Structure formats: structure tokens, C-alpha cells
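K.L.:
here's my sequence, what's the structure:
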Amino acid sequence: MSFDRDLFLPVSKEDMLRRDWHYYDFLLITGDAYVDHPSFGPAIIGRILEAAGYRVAILAQPDWRDPEAFRALGRPRYGVLVSAGNLDSMVAHYTAAKRRRHDDAYSPGRKAGLRPDHAVVVYSNRVREVFGDIPLIIGGLEASLRRFAHYDYWEDKVRRSVLFDAQADILTYGMGETATLDIAARLAAGTPVSEITDVRGTCVAAADPGVCAYPMVEVPSFEEVRDSREAYARANMVEYQEHDAAVGKAILQRHGKQLLLVNPPAYPLPTAELDRVAELPYVREPHPMYDEMGGVPAIEEVRFSVTHNRGCFGACSFCSLAFHQGRTVTSRSHESVIREVELLTKHPGFKGYIHDVGGPAATFRRPSCQKQLKYGMCKNRACLAPDACPNLDADHTDYMLLLRKLRALPGVKKVFIRSGIRFDVLMKDPSGEFFADLVQHHISGQLKVAPEHCVNHTLYYMGKPHIEVYEKFRDKYQRLNRRYGKEQYLVPYLISSHPGCTLEDAVQLAEWLNKEGHMPEQVQDFYPTPGTLSTCMWYTGLDPRTMEPVFVPKTPHDKALQRALMQWRKPQNRSLVLEALHKTGREDLIGYGKECLIRPGKAPEGLRSGKPAGKAPQSGGKGQPPRGKAPREGGKAPARPGKAAPSAGRGRAAAPGKPAKPVRKAGWAKPKAKKQGKNHKAK
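P.N.:
This next block holds a predicted model:
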């Protein structure tokens with residue numbers, strides 16, 4: 001289906017002339033194809049500027065090799081805004097193994113290579129080449145997570161703030177709507193961009209600390225974090241903790257003679273503003289210029305989905321949400337969500353199924369507790385891990401009532417929850433009524449949840465609850481399915497090779513999966529992306545919460561061993577699984593019994609121990625789909641969604657020397673050390 005191109009923001013001079021535009025105010029450059037949908041950050045920014053009365057043009061995926069591509073729409077009056085798109089461009093281009101991806105869901109026809117590596121820097125440098133000293137504002141996920149000096153996994157080095165590499169005037173981080181409108185109003189009023197230094201949710205280069213308008217704290221400089229892993233870990237923890245709109249301070253970080261000033265985060269949008277942003281006149285489709293190129297595949301997962309909230313207090317160590325959207329949850333009104341779903345029912349392609357009503361975490365409708373609105377997030381403990389805080393507000397009633405209203409709308413056959421269910425919070429729901437509703441009405445054959453691992457030692461580093469919480473959830477899920485006569489399965493998300501996960505831990509995970517009767521079809525290796533606590537652990541070999549050493553599986557072979565254990569039945573993994581079991585002294589898992597992972601065979605050279613073998617696995621499972629079993633009708637199961645949210649979308653050796661042992665902070669208590677296998681060496 002094709003839509004009138006004049007419903008979209010202009011993408012060419014011809015579009016502008018049809019509107020009788022002989023000038024425009026802002027040029028918005030994006031590394032994604034132009035999709036006018038509220039799940040795409042550039043679309044949100046373009047629409048909020050349009051609603052404020054500005055003329056905005058979109059330049060999507062320009063040829064960065066050709067300066068003329070950046071002149072195609074002419075020079076804007078007030079400034080240029082640059083985003084890499086919904087993903088970091090390096091994540092979009094490379095797998096966790098640093099292999100080049102062959103397709104790109106955010107490009108027409110899935111064609112790869114339509115944006116450059118480090119897109120924010122490359123696009124911005126072209127803008128400077130073409131438009132000189134025009135006000136240049138960078139934003140989106142890539143800029144947001146790279147706002148400080150940061151470890152770049154793909155180059156295996158610490159890079160300075162992207163603000164300096166991009167030669168930008170201002171960097172907006174987080175969701176960006178409020179900051180963008182404030183900057184636009186000041187530029188339109190004639191304020192020089194060099195004087196716009198105090199907007200919350202922005203970073204600027206400062207001549208001296210005196211320009212800071214907020215209480216501030218200084219972290220180790222770029223040079224210090226580049227040269228010292230301990231300094232990097234200390235800086236990363238401060239940056240994480242101060243990302244708090246209620247009490248967060250401004251942060252200073254020196255880069256040589258330059259000074260990076262990161263103002264406190266913007267306040268989360270209240271309900272009325274979230275409603276307004278969500279209901280701007282999006283077409284909710286890719287631009288028709290892509291029709292003959294195969295469209296833009298990324299729309300398929302969100303076309304008939306609704307985002308009802310922002311923020312996540314889950315605080316998983318590997319997730320970028322805490323460093324981007326933040327941990328304070330806000331949500332849209334029931335009325336706004338209902339209006340959006342009613343609009344979707346009028347879409348020519350709507351078949352009666354709402355694919356998802358979610359967000360970063362589907363069930364969150366309010367902050368984890370009322371204290372955080374005044375005092376901010378607790379700095380020395382997490383809301384959910386390793387145990388849920390006694391102050392946690394886990395009532396799911398509001399979300400349940402919203403879903404009941406949606407499934408009662410004319411034209412709506414089913415309302416599904418595809419992902420984002422926090423099983424740990426669900427198990428704390430005082431009534432349990434939502435769990436029954438979920439099983440009866442909102443699952444399309446299988447429910448995806450994220451225990452991530454089974455060993456509490458590893459879960460501690462992930463910031464996840466103990467595996468017993470998941471197992472209680474799984475058992476209740478099975479009971480409810482039996483009660484209501486449903487044949488529905490659980491699909492657990494798992495991560496291999498996360499910092500803190502030893503080979504012994506990986507073997508325990510394989511044992512647990514065998515007991516569960518589940519072998520993942522795909523395995524997600526830990527991916528060190530900028531800004532997260534887990535990436536800090538991966539690079540420094542230190543846990544920034546305690547400054548204590550943490551084991552990191554880094555070599556390709558170490559990671560291959562852990563990955564193979566999660567797919568132990570695959571014939572191509574046999575030699576790796578045997579090697580792992582011999583290395584960890586777990587020859588009891590080689591044999592023919594149901595508790596065993598693999599049948600006997602020739603041991604890898606140098607690892608033969610002569611110990612007796614055990615038994616081999618059998619299929620079965622607790623709530624897991626039988627092999628080859630397809631989920632019920634109701635929509636295609638999506639690929640695992642990224643944690644990246646739209647902006648208005650997971651290093652080498654350990655630190656040299658032995659770090660000083662600080663006083664342990666309350667709430668981050670590490671579980672008792674587990675006995676390591678005979679070949680484990682702490683790094």
C-alpha cells in the first residue's frame with residue numbers, strides 16, 4: 001500500500017515547493033530510512049518541531065561520500081540536527097563477533113551499507129564541510145550513549161566524547177523532546193548557539209566550569225580513563241548514578257584543554273505531554289519513495305503495536321535504558337492509548353490484532369516507589385535485584401484495566417503482549433489477577449521472558465534476580481495454562497559470555513537448560529555497547545559498583561565454548577562441548593542418562609581423564625515448546641527487540657596491578673564466592 005507523500009515531512013526541494021516553502025528552519029539528518037512512526041526517534045523530533053511551528057525537512061541516509069548529497073535541500077535557517085537512527089550504527093553494522101551484517105532492517109529492502117560506521121561523526125563532519133559554522137545539534141541513541149569518554153568495542157579503545165569528534169555545538173541525550181524544543185526556541189530568538197549551555201538533557205563544550213548552571217561533580221578526564229581502567233570504572237559509576245532527573249548533578253569531564261559539560265537529565269515527560277507526542281499526525285508508515293525498493297522492514301514489528309510507557313527501573317547491567325531513557329517510569333493515559341488503537345483499526349492493513357502494548361518493560365505504569373520522585377533512585381541498591389525492594393509498587397491493576405478496555409474495542413480481535421514482561425515484578429503483584437488475564441487473553445502461543453542465566457553468581461553481575469524467581473514464575477505459568485486449557489509456552493532469553501560468567505557457570509546453564517527441556521535455537525553473546533555497566537566490566541575487568549575484579553570471558557575460543565554449551569545437541573558443537581566438560585571436570589555429564597549433555601566419544605587431545613561417563617539427554621520440557629512446534633495464530637513472533645529507545649529506539653586485559661579494596665556499599669553486596677573449577681583463573 002502507498003500513502004500520499006505530502007502527508008510526510010518534506011524530503012526534497014520538490015516537496016517543499018509543493019508546500020510553497022522558499023525557506024525552511026531545520027534540517028534533520030538520520031541514518032535510518034525515513035519512517036514516519038512514533039517508534040522512530042527522528043520522526044518524533046521532526047513532528048514536535050513541526051507542531052511548534054517550525055519548518056522541518058528530512059534527509060534520510062544521505063551518501064556520506066558525496067558533499068553534494070548534504071546540499072540537496074539547501075541551507076536551513078536555524079540549524080542541522082543529526083541522528084544515527086534508532087540504533088548505534090556500529091551495532092547496526094556488526095554482530096557481537098564483529099562480523100559485518102548482511103542486511104539492515106532500518107534500510108529499504110534490508111539493504112546493508114546505506115549509512116557509515118560512526119554515523120553521527122561522519123554526517124556531522126560533512127555538515128561542517130558543507131554549511132560551515134551553522135548550529136549543529138547531535139542526538140539519538142548513538143550520541144546519547146557516547147556522550148562521555150567511552151570504550152568502543154569495535155576499535156578496542158577508549159574514544160573521547162562524540163561531541164568533540166562530531167564538531168557539534170550541542171549534544172542532546174535521552175529522549176530529547178524538551179531539550180530540542182528549548183534549543184529551537186532560543187535559536188529562533190537569535191541566541192548564539194555558543195550561549196545555549198544550560199539546557200537539561202544536553203552536553204556542550206565549556207571554556208571553564210563557571211558556565212555550569214547546576215550543582216556539579218567532576219569525573220576522571222578522558223586521558224585518565226583512557227590510560228587507567230580503574231579510573232574508567234570510577235567515572236562510569238558516577239555517570240550512571242547521576243543520570244537521575246530528580247537529584248542528578250551536572251558532570252564535568254576534561255578532554256585535554258577542552259571541558260565537557262553534561263547538564264542534568266531532562267525531566268521525564270508527564271502523562272499529558274506523552275499523550276501529545278504520541279498523537280502527533282504521524283503517517284505510521286515508511287515514506288513512499290521506498291515502495292519500489294521493498295519498503296522498510298523495521299515497520300513490520302511496530303506497525304500495529306502501541307508504546308504506552310517510558311523508562312525502566314529494572315536496571316539490568318547490560319541494558320542501555322538506564323543510561324538513555326532513565327529509570328523513572330512515566331506512562332500515557334488510557335484515553336490516549338485507546339485513541340491510538342482506534343486509529344489503528346482504520347488502517348487498511350489491520351487484521352484485528354494489536355501485536356504489542358508495551359515499552360521498555362510492558363507492565364510498568366508508574367515509578368517503582370513514590371520516594372524516587374522526590375529523592376531519586378537509590379544509589380546503592382537496585383529495585384529488583386538480587387531481591388525486590390520492600391517499597392516496590394508491583395500492582396498491575398492499571399495495566400490490566402487498560403488491556404481490558406483495548407480488547408473490548410470494536411474491530412479488535414486480540415491484544416497481545418509480545419515481550420517486556422518482568423516476571424520478577426509480576427510475581428510480586430498482590431492480587432495475581434493480571435497473571436490470569438495474561439494467560440487467558442494476551443499470549444500468541446508463546447511468551448518471551450528474560451531470566452538471562454541460571455547461576456546466581458552470574459546473575460549478580462547482570463543485575464538480574466535469582467533463578468528461583470523465574471522458576472516460581474514458570475511453575476505458576478504452567479498451572480494457569482492447565483487451568484484455562486491453554487497450550488502456550490515460555491521462551492527464555494539467555495546471554496552467553498557475560499562478564500562474571502565462568503566456564504563452570506556456562507556448564508551449569510547447560511545442565512539447567514537440559515533439565516528444562518529447552519535448547520535455544522539462537523544464542524545471544526554478550527555485546528559490549530557504549531555506556532552500560534556490563535561494558536565497563538568487560539573492558540576494565542572491574543565491577544564498577546564495588547571496584548572488585550570480575551572474571552571476563554574474552555577470547556573468541558572462550559566465548560565459543562560458552563555458546564556451544566547452550567546448544568549442546570548440535571553436532572557441530574560436539575568437540576567444543578566435550579572440551580568444556582573435560583576442562584571443568586564435568587565428565588559426569590558425558591553419557592547416556594537424561595541428566596547428561598553428550599554421549600561418550602574421543603576426548604579432545606590432552607583433556608582425557610579416564611573418568612566414568614554418565615547418560616545422554618532426552619527431550620521433554622517444563623513449559624517449553626516441543627522441537628518443531630509452531631506457536632498458535634496471532635502474528636509472527638518478533639526477533640528480540642533491542643533495548644534502544646528512540647530519541648525525540650549490550651576490553652582487553654584486566655586493570656594492571658591489584659586495585660585497592662574499597663568499603664563495600666550497602667545494597668550492592670556480592671554473593672558468596674562460588675568454588676571455581678580446577679582450570680579457572682581470575683582475571
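K.L.:
His118 and Ser89 touch, don't they?
P.N.:
Yes: counting by C-beta atoms under 8 Å, His118 touches Ser89, with 6.3 Å between them. In short, each C-beta sits where N, CA and C put it, glycine included.
K.L.:
CA-only coordinates of stretch 396-406 in PDB, if you can.
P.N.:
Listed in PDB are the C-alpha atoms of stretch 396-406, where the atom choice follows Å, rounded to 0.1, in the frame of the first residue of the first chain:
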ATOM      1  CA  HIS A 396      -0.600  -4.400  37.800                       C
ATOM      2  CA  THR A 397      -4.300  -3.300  38.100                       C
ATOM      3  CA  ASP A 398      -3.900  -0.200  36.000                       C
ATOM      4  CA  TYR A 399      -2.200  -2.000  33.100                       C
ATOM      5  CA  MET A 400      -4.800  -4.900  33.300                       C
ATOM      6  CA  LEU A 401      -7.700  -2.400  33.100                       C
ATOM      7  CA  LEU A 402      -6.100  -0.700  30.100                       C
ATOM      8  CA  LEU A 403      -5.800  -4.000  28.300                       C
ATOM      9  CA  ARG A 404      -9.400  -4.900  29.100                       C
ATOM     10  CA  LYS A 405     -10.600  -1.700  27.500                       C
ATOM     11  CA  LEU A 406      -8.500  -2.300  24.400                       C
END
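K.L.:
would you mark the buried spots in it?
P.N.:
396, 399-400, 402-403, 406 (16 or more other C-beta atoms under 10 Å).
K.L.:
and these, which is closest to Leu494?
P.N.:
For those, the minimum distance to Leu494 (C-beta to C-beta) is 25.2 Å, reached by His396.
K.L.:
that closest one and Leu438, how far apart?
P.N.:
His396 is 9 Å from Leu438, where distance means C-beta to C-beta, to the nearest Å.
K.L.:
same check on Val158?
P.N.:
Counting by C-beta to C-beta, the gap from Val158 to Leu438 is 44 Å.
K.L.:
which neighbours do His396 and Leu438 share?
P.N.:
Leu426 (C-beta atoms under 8 Å, 6 or more residues apart in numbering).
K.L.:
so where is the stretch 551-683 of the chain shaky, pLDDT-wise?
P.N.:
Along the stretch 551-683 of the chain, the model assigns pLDDT under 70 to residues 602-683.
K.L.:
hmm, try it at 50
P.N.:
By pLDDT under 50, the weakly predicted segments of the stretch 551-683 of the chain are 608-621, 626-683.
K.L.:
show me where the stretch 351-500 of the chain has its strands.
P.N.:
353-354, 356-358, 414-415, 446-452, 489-496 (DSSP state E, counting those that start in this stretch).
K.L.:
how about the stretch 1-150 of the chain?
P.N.:
Going by DSSP E, counting those that start in this stretch, the stretch 1-150 of the chain shows strands at 26-30, 35-36, 56-60, 79-83, 136-139, 150-152.
K.L.:
reformat the ones you listed as JSON lines; add mean pLDDT.
P.N.:
Output for the strands of the stretch 1-150 of the chain, formatted as JSON lines (pLDDT from 0 to 100):
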{"stretch": "strand 26-30", "mean pLDDT": "98"}
{"stretch": "strand 35-36", "mean pLDDT": "97"}
{"stretch": "strand 56-60", "mean pLDDT": "98"}
{"stretch": "strand 79-83", "mean pLDDT": "98"}
{"stretch": "strand 136-139", "mean pLDDT": "98"}
{"stretch": "strand 150-152", "mean pLDDT": "98"}
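K.L.:
could you dump those strands into TSV with mean neighbour count added?
P.N.:
Output for the strands of the stretch 1-150 of the chain, formatted as TSV (neighbours: other C-beta atoms under 10 Å):
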stretch	mean neighbour count
strand 26-30	26
strand 35-36	26
strand 56-60	23
strand 79-83	27
strand 136-139	28
strand 150-152	22
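K.L.:
can I get those strands in JSON lines including distance to Asp475?
P.N.:
Shown next, in JSON lines, are those (distance: least, C-beta to C-beta, whole Å):
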{"stretch": "strand 26-30", "distance to Asp475": "46"}
{"stretch": "strand 35-36", "distance to Asp475": "41"}
{"stretch": "strand 56-60", "distance to Asp475": "48"}
{"stretch": "strand 79-83", "distance to Asp475": "44"}
{"stretch": "strand 136-139", "distance to Asp475": "45"}
{"stretch": "strand 150-152", "distance to Asp475": "40"}
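K.L.:
closest one to Pro600 among these?
P.N.:
strand 150-152 (43.1 Å).
K.L.:
starting at the chain centroid, how far to that closest one?
P.N.:
For strand 150-152, the separation from the chain centroid amounts to 17 Å (computed by C-alpha atoms, centre = their mean, to the nearest Å).
K.L.:
in its sheet, what does it sit against?
P.N.:
strand 157-159 (antiparallel) (DSSP bridges).
K.L.:
buried residues in the partner strand?
P.N.:
Buried residues in strand 157-159 (16+ other C-beta under 10 Å): 158-159.
K.L.:
any idea which helix or strand comes after it?
P.N.:
helix 162-165 (DSSP states H and E).
K.L.:
lowest-confidence helix or strand of this structure?
P.N.:
helix 371-375 (a mean of 82; mean pLDDT, DSSP states H and E).
K.L.:
may I see the buried residues of it?
P.N.:
Neighbour-count burial for helix 371-375 [16+ other C-beta under 10 Å]: Gln372.
K.L.:
contacts for it?
P.N.:
246-247, 313, 327-328, 367, 378, 391.
K.L.:
biggest separation within these, which pair?
P.N.:
For these, with distances taken as C-beta to C-beta, the pair at the greatest spread is Val247 and Asn391 (16.8 Å).
K.L.:
between the two, which one's more packed in?
P.N.:
Using other C-beta atoms under 10 Å as the criterion, Val247 and Asn391 rank with Val247 on top: 15 against 12.
K.L.:
spit out the contact partners of the residue nearest to that one when sequence neighbours are not counted.
P.N.:
Distances taken as C-beta to C-beta, 6 or more residues apart in numbering place Gly376 nearest to Val247, at 3.6 Å, with adjacent residues excluded. Taking C-beta under 8 Å, 6+ apart as the contact definition, Gly376 lies against 244-248.
K.L.:
my guess is Phe70 contacts Pro62. True?
P.N.:
Yes: at 5.8 Å, Phe70 counts as touching Pro62 under the criterion of C-beta under 8 Å.
K.L.:
give me the common contacts of those two.
P.N.:
29, 126.
K.L.:
related to what we said a few turns ago, ok, of the contacts of helix 371-375, which one's closest to Glu177?
P.N.:
Thr328 (15.4 Å).
K.L.:
contacting residues around the closest one?
P.N.:
Contacts of Thr328 by C-beta under 8 Å, 6+ apart are 244-246, 268, 311, 313, 367, 372-373, 377.
K.L.:
among those, which ones are buried?
P.N.:
Among the contacts of Thr328, the ones that count as buried by 16+ other C-beta under 10 Å are 244-246, 268, 311, 313, 367, 372, 377.
K.L.:
in these, which has the lowest confidence score?
P.N.:
Across the buried ones among the contacts of Thr328, the smallest pLDDT goes to Gln372, namely 81.
K.L.:
now it: how far from Ala315?
P.N.:
12 Å.
K.L.:
joint contacts of those two?
P.N.:
Arg327.
K.L.:
separation between Gly349 and Ala213?
P.N.:
Gly349 is 49 Å from Ala213, by C-beta to C-beta.
K.L.:
next: His582.
P.N.:
61 Å.
K.L.:
give me the nearest residue to Asn391, chain neighbours excluded.
P.N.:
Using C-beta to C-beta, 6+ apart, the closest residue to Asn391 is Cys369 (4.1 Å).
K.L.:
residues contacting that neighbour?
P.N.:
Applying C-beta under 8 Å, 6+ apart, the residues near Cys369 are 383, 389, 391-393.
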